[in-house]
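Novice: quick one: sequence and predicted model below, then my questions.
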Amino acid sequence: MAKRPSAIYVIAIWWWISFSIAVFSGLRLGGSSTLTSGSASLTALRLVAMGLFIWELIALVQLRPKAVWAFVVFLGLWSMLMLIRLPFALAWHLRAATFMVAAVAINVTAMWYMARPTFRVTCTQFRKDREAEVVRRNAEEYLRRSLR
């Protein structure tokens, strides 16, 4: 049975930390935002983002291929966004710019890791083994109930 790569937990923890910082620190996607920090629209947007984030995180840890690719695309877009915002962060604060550069480096490393063919093969094998195990357990449970 294929084992789940332990690096996926590190990537999931990194995503949880960085996404939480991005959503709850008030970072905006563009320059000035029409949404104020206390508006109902912004609160609803954050709740929807958290729901999608948790759904994607669970699917990522389960090594679902579509979730892995969606995560790679998300990390790529987020990294490009941070690189676009980097000049503004440099003008604003050196610590913010340092965090952005470190986050982009970690994101690119995670994207490279998850886009490798060997990782995709591992994901596919893990999912097949997991599904075979579920079928086996269901068959055993059916036999156990039918023999009573």
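Specialist: Thanks, I have it. As the structure is a prediction and not an experimental result, all values here were calculated from the model. Numbering: from 1, shown residues only.
Novice: what sits against residue 111?
Specialist: When contacts are counted by CB atoms under 8 Å, 6 or more residues apart in numbering, residue 111 touches 72, 75-76, 79. (Each C-beta comes from the backbone N, C-alpha and C, glycine too.)
Novice: tell me where the model's unsure across the chain.
Specialist: Of all residues in the chain, those with pLDDT under 70 make up the ranges 1-2, 23-38.
Novice: quick one: list the elements packing against the helix ranked longest in it.
Specialist: The helix that spans the most residues within the chain, counting by DSSP state H, is helix 117-146. Counting contacts by 3 or more CB pairs under 8 Å, 6 or more residues apart in numbering; DSSP states H and E, helix 117-146 packs against helix 65-92.
Novice: residue 79 versus residue 107, what's the distance?
Specialist: 4 Å (CB to CB, to the nearest Å).
Novice: settle it for me: which of those two has more neighbours?
Specialist: Using other CB atoms under 10 Å as the criterion, residue 107 and residue 79 rank with residue 107 on top: 23 against 19.
Novice: and residue 101, helix, strand or coil?
Specialist: Using DSSP: H, G, I helix; E, B strand; the rest coil, the secondary structure recorded for residue 101 is helix.
Novice: skipping adjacent residues, who's closest to it in space?
Specialist: Leaving aside its sequence neighbours, residue 101 sits nearest to residue 86 (CB to CB, 6 or more residues apart in numbering; 7.2 Å).
Novice: and if you look at residue 78?
Specialist: Leaving aside its sequence neighbours, residue 78 sits nearest to residue 107 (CB to CB, 6+ apart; 6.4 Å).
Novice: now do the contacts for that neighbour.
Specialist: Residue 107 touches 75-76, 78-79, counting by CB under 8 Å, 6+ apart.
Novice: understood, closing this out.
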